[in-house]
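*Asks:* Give me a model of this one.
(4 chains)
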Amino acid sequence: MKERAVKNIFVKGAMAASFIADSIQKHQAKTAIGGHSIFLGQVRADTINGKKVTAIEYTAYEAMALETMHSIREEVLSKYPLTCMHVYHSLGIVAAGEICFFVFTSSEHRKAAIEACNELVERIKAELPVWGKELFEDETYQWKQNK
Amino acid sequence: MKERAVKNIFVKGAMAASFIADSIQKHQAKTAIGGHSIFLGQVRADTINGKKVTAIEYTAYEAMALETMHSIREEVLSKYPLTCMHVYHSLGIVAAGEICFFVFTSSEHRKAAIEACNELVERIKAELPVWGKELFEDETYQWKQNK
Amino acid sequence: MKVNIIVFGQLRDILGDQLELDEVLDIDEVKNQLHEKYPEMIESNYLVALNKKLVTGNMMLNDNSTVAILSAFSGG
Amino acid sequence: MKVNIIVFGQLRDILGDQLELDEVLDIDEVKNQLHEKYPEMIESNYLVALNKKLVTGNMMLNDNSTVAILSAFSGG
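*Replies:* All right, here's what the predicted structure looks like:
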């Protein structure tokens, strides 16, 4: 049994499109890959009670989140034949329209990558101790609620 | 009923990571989007009977493929509440490790984007008149077979 | 009636990119003539399109018909 | 035993980022004391973590225990 190190998934602020492009680019040397599945979470400018969300501020119980993510990673890697798996989540302020969550899986045949990506997104949202605070234009806020 | 124009989905050769990044970047102005789902097909350097695939050469019955794609697009758009849908497929030679297929869906809540993306990938592979020819290092070839 | 037929995918190795058939009135006659000339086709898993639509069953041809022989798809 | 408690998410608005409780021996006592002090918590859908693991049921505390009150998660 190989022991993998606990990886950091948190990045400060939003993820740029170029960060995602670099991540895709790096996989072009891995010629056993036939399919990549990517999920990107983007901050919505929702209007709540007449006030517009301008950004979400993310906080996490980082030490616990990274341990939980490590278990999820191990379980997903043992369930699906993946070549690669990458997860990034923003902390701090991410403006509306910006990317706050990036899940990227790759496999020889597409099914594994697609199913693993979906499972990761659902599990991370349900199980990781991360919180979003929706910041309004008038400097009030409301805690985000996941459906 | 709005009539949408038939869009071209074919691009010459491989898709660069920067092309994908530009596509992501353009969506940051659309602040009603909460989730993007992306599928990327990448050419594998399979070894078949001891010979390595160096590239795939794609051809299509373009006129028919675009009409079929138009119907698929309309059906998927009427089934899922999507903000955006983009599909690109390479024609001509795409080297191993390069991207040949790019499906990108966006929606307010993630489920629609994820399910629509998966459905598009499956339908396009099954229904679009597109063919891949696996080119080997010794200049022989074999027609690709989809599973 | 003379009909021009375009060919895509693996069957190009046998039929070439396009061919012409004489005296065919419908899709069944196209298939029969091709199967006679290229018996390897019979085993192959191909589809026929008439004017860019897949044909299931038989269809009559006319002077403007575009017939295409489509090998099993392998895009993506 | 004195226990330090860290707080995350929405309940920070009520409990602050962290707090200290006296004379608690197990998780149930932590919850009872908090519910008494902050009755708004009772209705809230929070979880408790002991040493970075979610607690289901009751658990004894010791001097090295890290207790965390976790509001409903809303990452992603």
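*Asks:* quick one: buried residues of stretch A:87-94?
*Replies:* A:Val87, A:Tyr88, A:His89, A:Ser90, A:Leu91, A:Ile93, A:Val94 (16 or more other CB atoms under 10 Å in any protein chain shown). In this view, the C-beta of every residue, glycine as well, is placed from N, C-alpha and C.
*Asks:* again, but for stretch A:123-143
*Replies:* Buried-residue list, stretch A:123-143, by 16+ other CB under 10 Å: A:123-125, A:127-136, A:141-143.
*Asks:* quick one: it near chain B?
*Replies:* No: applying CB under 8 Å from any CB of the partner chain, one finds stretch A:123-143 separated from chain B by no less than 8.5 Å.
*Asks:* try stretch C:3-17
*Replies:* Yes: counting by CB under 8 Å from any CB, chain B has neighbours in stretch C:3-17: C:Ile6, C:Phe8, C:Gly9, C:Gln10, C:Asp13.
*Asks:* in chain C, what residue is nearest chain D?
*Replies:* Residue nearest to chain D within chain C (CB to the nearest CB): C:Gly76, separated by 28.4 Å.
*Asks:* Give me the pLDDT for that residue.
*Replies:* Here, the pLDDT recorded for C:Gly76 equals 93.
*Asks:* got the contact list for residue 64?
*Replies:* In the absence of a named chain, this looks at chain A. Going by CB atoms under 8 Å, 6 or more residues apart in numbering or on different chains, A:Met64 touches A:Pro129, D:Ala49, D:Lys52, D:Lys53, D:Ala68.
*Asks:* you looked at the wrong chain, it should be chain C
*Replies:* C:Asn64 touches C:Asn51, counting by CB under 8 Å, 6+ apart.
*Asks:* picking that back up, give me the buried subset of the contacts of A:Met64.
*Replies:* Looks like the contacts of A:Met64 have A:Pro129, D:Ala49, D:Ala68 buried, using 16+ other CB under 10 Å.
*Asks:* longest strand anywhere in chain A?
*Replies:* strand A:82-95 (DSSP state E).
*Asks:* Return the list of helices and strands in contact with that strand.
*Replies:* strand A:10-12, strand A:51-60, helix A:62-79, strand A:99-107, helix A:110-127 (3 or more CB pairs under 8 Å, 6 or more residues apart in numbering or on different chains; DSSP states H and E).
*Asks:* try 6 Å
*Replies:* Here strand A:82-95 touches strand A:10-12, strand A:51-60, strand A:99-107, going by 3 or more CB pairs under 6 Å, 6 or more residues apart in numbering or on different chains; DSSP states H and E.
*Asks:* In the shortest one, which of the residues would be classed as buried?
*Replies:* Judged by neighbour count using 16+ other CB under 10 Å, the buried positions of strand A:10-12 are A:Phe10, A:Val11.
*Asks:* This completes my enquiry, with thanks.
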